[in-house]
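Visitor: dropping the sequence and predicted coords here.
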4 protein chains.
Amino acid sequence: MATNKVKDPGLGESTVTSAKRIVNKDGSFNIKHLNRKSGISALYAYLVDISWIRFFCFVFLAYFVLNIFFATIYVIIGVEFIGVQPISFLHDFVKAFFFSSQTVTTLGYGAMAPKGILAGIVSSCHALIGLLSFSFVTGLLYGRFSKPKASIEFSNNIIYRDFNDGQALMFRLINSKTDVMINPRIVVTLAITEEDATHGYKRNFYQLELERDHITYLPTTWTLVHEITEDSPLAKFSKEALKTLNGEFLIMITYYDEAFNEEVYKLHSYTFQELLMDVTFEKAFYFDEEGYTILDHRKLSNTEKL
Amino acid sequence: MATNKVKDPGLGESTVTSAKRIVNKDGSFNIKHLNRKSGISALYAYLVDISWIRFFCFVFLAYFVLNIFFATIYVIIGVEFIGVQPISFLHDFVKAFFFSSQTVTTLGYGAMAPKGILAGIVSSCHALIGLLSFSFVTGLLYGRFSKPKASIEFSNNIIYRDFNDGQALMFRLINSKTDVMINPRIVVTLAITEEDATHGYKRNFYQLELERDHITYLPTTWTLVHEITEDSPLAKFSKEALKTLNGEFLIMITYYDEAFNEEVYKLHSYTFQELLMDVTFEKAFYFDEEGYTILDHRKLSNTEKL
Amino acid sequence: MATNKVKDPGLGESTVTSAKRIVNKDGSFNIKHLNRKSGISALYAYLVDISWIRFFCFVFLAYFVLNIFFATIYVIIGVEFIGVQPISFLHDFVKAFFFSSQTVTTLGYGAMAPKGILAGIVSSCHALIGLLSFSFVTGLLYGRFSKPKASIEFSNNIIYRDFNDGQALMFRLINSKTDVMINPRIVVTLAITEEDATHGYKRNFYQLELERDHITYLPTTWTLVHEITEDSPLAKFSKEALKTLNGEFLIMITYYDEAFNEEVYKLHSYTFQELLMDVTFEKAFYFDEEGYTILDHRKLSNTEKL
Amino acid sequence: MATNKVKDPGLGESTVTSAKRIVNKDGSFNIKHLNRKSGISALYAYLVDISWIRFFCFVFLAYFVLNIFFATIYVIIGVEFIGVQPISFLHDFVKAFFFSSQTVTTLGYGAMAPKGILAGIVSSCHALIGLLSFSFVTGLLYGRFSKPKASIEFSNNIIYRDFNDGQALMFRLINSKTDVMINPRIVVTLAITEEDATHGYKRNFYQLELERDHITYLPTTWTLVHEITEDSPLAKFSKEALKTLNGEFLIMITYYDEAFNEEVYKLHSYTFQELLMDVTFEKAFYFDEEGYTILDHRKLSNTEKL
């Protein structure tokens, strides 16, 4: 009875029963970092990965904070040095805020303009910082666009159902863009925490055999099927036992993204808590009357009772 | 009799007689998407793929609309707050439009400048939106340039002609740039809709054997030849029957683009309606008196009666 | 007697005695294009490939021409509409030129500013064109930097010398940057025009065997050696006959460029006119007293009489 | 007794006893270049590789120098031509400096503005240079972000310790980012300078066998182990002799970086001076009470006495 047991793929065999999932739903590793060196590159990486809404909030916030900061400086220097007649703190601060925004964006209407050495020096640096910030944002925007991150979507659940004369596990993925994906290949590794004579608990890794682990094009959806034959590492568990296993399906998909001209790797994972029993995936595409193929993206995770 | 029948490459075997072509002439899949999540990335992808003329029209239109939008806001606030003496609605609106264009581009002549808190806040945001927009356009322009999309052109038709002692199908492609293309490789898959006892209609897939499926350099043109030997899936059809087949030649070319330092994949497709009978391709290059190789790009699709 | 004759690598077997070299010294194909579709992408590709001096000349010229163009428009509209008191044509034109440069760069001092609808519309478009132009230049600059074009330099000549008990051909290349080049691999194809019973003249292609065709790192120089054994396609030619051959050594080098994280391919070629007899390459690197390896880039092509 | 002796990987077999290390700690080759052609691309490469602090110092310095340069020109022309009432050299120079900074950033408040032909021409060129400079900086910033340089960190030392029934060499590496690294592979080449009958001193190269030379994921740390079996080229040296060897461990790691969608190669090297005897690496990650994996980056190089 071959069970396709494989070596630790680099995730570590030692574990504890309370161990959290290895890979998060977004494909990142579920690890807390201590004393990691951080810096501008980490900030960049963070700002490339967040959602568009968060990104724009950050940009607006940074713009606001930058203007508050420089407005404070100009108020300290004295608003008369940026061509404003001082009236009250609030009035002066608001004016200085507007002057700051006009400087940082290099608008420079000129209705307010720096006078004297100190205001001159500050506004010189100010404009440079403004330009560098917008260079940074330009790089960020391009970085966000040129990273093919959201192209594959996975069904919410992995399903367990009767298949042929036995049972099978299935999950589905979709090409969430209109781009052509070429040569998608999938490897599914099962990590199960099992009791071990010497170590207490130990993670064992198995490679799951798939009915088909590569295709040539991925224009619509692809359903991956692991038949639970006697060679499967899951053959020894009953349907009830499966739901209680402490383990994880680690999925690595590779494809060539025609829009980005790049070979792309993505990770995904399902835990046994995400296993649905005795359902099947609803068909996600059909032909309309004119003969067009219609793909309904919302049906990706839809299942029907068998 | 081997017919090189292959598994479904991911396109689906189920079909209907009215089914449209699988791959469009531009290499994209002919699929209608329902409920696809859209967003800024999809907008970016769209703007990278459209023609230059459309792109510039979009940019000018967006600039115009943005200025109309902000002009309206300034008119509502009151144009006296951007330093304009109100005269008539039209006059005020035009002035506000110009003020908007001066702000969004960060020109800021200063002849008009915001006064008061409301105009100040609006113009601060306005300038930020302007800079973000131009960052977006900078990314778009670079994205358009760095995507090697238009490098390979295919002949308009696939031809059927006598060749050696039998018949052959041929199509031709050209390197439409002056860049060096290295290691081009081609795979041609034939998809035919055939009647099926159980499914009604079914798509069958065959890989077509080519006289030569890879070369080392592609400086000029390359004519691909599929001889219809008895192993060919097309051997069973008469010349007349071919024209009426419901099927498609799916072509995938891979090459290394020296200008972009990238491995590039492109899809193309011909239907049986694009089959020309008993013609041959006109030669597209020749040597001039000085010994130079002259390549005439306009002759790519030119054919001559045999 | 094996001669390693290979199939046409895609360059065409038909030729004429007056045929020019196939590959230029810069690695591009020596082909004249007729009716090639040109456009902004071709312009971009051209501007990425030219030298820095030419590039900056182009940028300055384009800036000058753009300003001349818009200055003319403002003079036609009337310089009083950009806030200039008209004096003489020359004075007005110069002022309009400066106004144009202040608008296209989005400087907008405001000493001159548009008045009236026509000047307003023109300057709105003007500023947009300016920003788009600088977006284009930003993309160009980054495109120039991110293209690893000048990393490998070849010796000016290929040399023919006594080696071991026979003769050998040698050429040398250098890593012209400080970056690490990994896994360089070389293929040398010989193309010779030979008389042919049926075609008049025909190009034959042979792959030349190299003493060593790949290494792991290329920190300094690499001398490639083809021994003229009896298997060599050149074995049948005398030293005198070699110089008069109508042929070309086509060289393709592939390496991984660590600075750009890219697999890079480069073409090069030598003709038999670039063959130097009975010389050897001068050593290009040595150890200094402190034990440092010193690499003298100027010695790449230096040869010494044997 | 196989010793896995390999051919020169391209580094040169000739050496001297005083020869410095081949590869620096940062992975670059330890070579001094003479007469290397330098230019804007080399400057770009340099500015992409330096630290963020140095980078910003350079940018501020360049901005300062550029403004000093143009301020000098405006003072020579006469500050009255940029709208400043001349008072004293210092006053004029400072004003000209501010005018320069307002022009180069395209701020253009307009309180100062060029008058006359000469100041007009200079400021036109000035603004162009400003925009080109900021295009350059935008490209630089993006180039810095898009280069995955600092993702792998190596332990400071290579260690020598008892292992199984013999001895082993070990070093450790860490994924210093949160990105997923896929398919890391390692090759360790040992270069030792050994006496040679004919050449005086000669570098010999050996490939070291590793207990495991590739894994699938690198989320935390990876300890590489070379057991000193009788096949090892180091088997003939005693523990004391090892420390005095004139040699170097050349390490090449390859992995796919999911954040950059790129195959990345990195070099590293250890000399025998960096060999620590009879210690072991401290464990760098553990599970906390909630079951999270905690990775302490600061422990990478920590060792404990055995």
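Guide: Sure, I can see it. Numbering: from 1, shown residues only, chains lettered A, B, ... in the order given.
Visitor: stretch A:163-178 near chain B at all?
Guide: Yes. Judged by C-beta under 8 Å from any C-beta of the partner chain, stretch A:163-178 and chain B are in contact via A:Ser176, A:Lys177, A:Thr178. In short, each C-beta sits where N, CA and C put it, glycine included.
Visitor: and the residues you listed, which is closest to A:Leu141?
Guide: Checking those against A:Leu141 with C-beta to C-beta, the nearest one is A:Lys177 at 18.4 Å.
Visitor: re earlier: now pLDDT and neighbour count too, for the residues of stretch A:163-178 next to chain B, in JSON lines please.
Guide: Putting these into JSON lines (pLDDT from 0 to 100; neighbours: other C-beta atoms under 10 Å in any protein chain shown) gives the following:
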{"residue": "A:Ser176", "pLDDT": "86", "neighbour count": "16"}
{"residue": "A:Lys177", "pLDDT": "84", "neighbour count": "21"}
{"residue": "A:Thr178", "pLDDT": "80", "neighbour count": "17"}
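Visitor: list just the nearest of the residues you listed to chain D.
Guide: Chain D has its nearest neighbour among these in A:Lys177, at 15.0 Å by C-beta to the nearest C-beta.
Visitor: the closest one: what's it in contact with?
Guide: The contact partners of A:Lys177, taken as C-beta atoms under 8 Å, 6 or more residues apart in numbering or on different chains, are A:Ala150, A:Ser151, A:Ala259, B:Ala42, B:Ala45.
Visitor: next one: A:Lys115
Guide: Contact criterion C-beta under 8 Å, 6+ apart gives A:Glu80, A:Phe81, A:Ile82, A:Gly83, D:Ala111 as the residues in contact with A:Lys115.
Visitor: assign a three-state SS to it, would you?
Guide: Assigned with DSSP: H, G, I helix; E, B strand; the rest coil, A:Lys115 falls in the coil class.
Visitor: to the chain's geometric centre, what's the distance from the longest strand along chain A?
Guide: Across chain A, the longest stretch assigned as strand under DSSP state E is strand A:181-196. How far strand A:181-196 lies from its chain's middle: 19 Å, per C-alpha atoms, centre = their mean, to the nearest Å.
Visitor: quick check: what element follows it along the chain?
Guide: Read in the C-terminal direction, the helix or strand following strand A:181-196 is strand A:200-207, with elements assigned using DSSP states H and E.
Visitor: and that following strand, what other elements does it pack with?
Guide: strand A:5-6, strand A:181-196 (3 or more C-beta pairs under 8 Å, 6 or more residues apart in numbering or on different chains; DSSP states H and E).
Visitor: which parts of the stretch 1-150 of chain A sit against chain B?
Guide: Of all the residues in the stretch 1-150 of chain A, those in contact range of chain B (C-beta under 8 Å from any C-beta) are A:52, A:59-60, A:63, A:67, A:94-95, A:97-98, A:101-102, A:105-111, A:134, A:137-138, A:141-142, A:144-146, A:150.
Visitor: could you redo the last one with a cut-off of 6 Å?
Guide: When proximity is defined by C-beta under 6 Å from any C-beta of the partner chain, the stretch 1-150 of chain A lies next to chain B at A:52, A:63, A:94, A:98, A:101, A:105-111, A:134, A:137-138, A:141-142, A:145.
Visitor: show me which of those residues neighbour chain D.
Guide: When those are filtered against chain D using C-beta under 6 Å from any C-beta, the residues retained are A:Thr106, A:Gly108, A:Gly110, A:Thr138.
Visitor: most neighbours of all those, which one?
Guide: When neighbours are counted as other C-beta atoms under 10 Å in any protein chain shown, the busiest of those turns out to be A:Gly108, with 32 neighbours.
Visitor: can you classify that residue by secondary structure?
Guide: Going by three-state DSSP, the secondary structure assigned to A:Gly108 is coil.
Visitor: surely it is in contact with D:Gly110?
Guide: No. In this structure A:Gly108 lies outside contact range of D:Gly110 using C-beta atoms under 6 Å: 7.1 Å.
Visitor: what about A:Phe154, neighbour count?
Guide: Counted with other C-beta under 10 Å, residues neighbouring A:Phe154 total 21.
Visitor: which residues does it bridge with?
Guide: When bridges are assigned using DSSP bridges, the partners listed for A:Phe154 are A:Leu173.
Visitor: make sure it is actually in contact with A:Lys266.
Guide: No. Between A:Phe154 and A:Lys266 there is no contact, the gap being 9.0 Å when judged by C-beta under 6 Å.
Visitor: can you give me the neighbour number for the nearest residue to A:Leu140 once chain neighbours are set aside?
Guide: Nearest in space to A:Leu140, with sequence neighbours left out and distances taken as C-beta to C-beta, 6 or more residues apart in numbering or on different chains, is A:Leu47 at 5.4 Å. Taking other C-beta under 10 Å as the criterion, the count of residues near A:Leu47 is 21.
Visitor: name the element A:Leu47 belongs to?
Guide: Assigned by DSSP H and E, A:Leu47 falls in helix A:40-49.
Visitor: counting by contacts, list what that helix packs against.
Guide: When contacts are defined as 3 or more C-beta pairs under 6 Å, 6 or more residues apart in numbering or on different chains; DSSP states H and E, helix A:40-49 sits against helix A:117-145.
Visitor: could you pull up the mean pLDDT of stretch A:270-284?
Guide: The average pLDDT within stretch A:270-284 is 94.
Visitor: distance check, A:Thr293 against chain B.
Guide: Shown here: A:Thr293 relative to chain B, a distance of 5 Å by C-beta to the nearest C-beta, to the nearest Å.
Visitor: er, A:Tyr201 actually
Guide: From A:Tyr201 across to chain B, the span is 40 Å (C-beta to the nearest C-beta).
Visitor: I figured that residue was touching A:Ser18, is that so?
Guide: No. Because the distance of 9.8 Å does not satisfy C-beta under 6 Å, A:Tyr201 is recorded as not touching A:Ser18.
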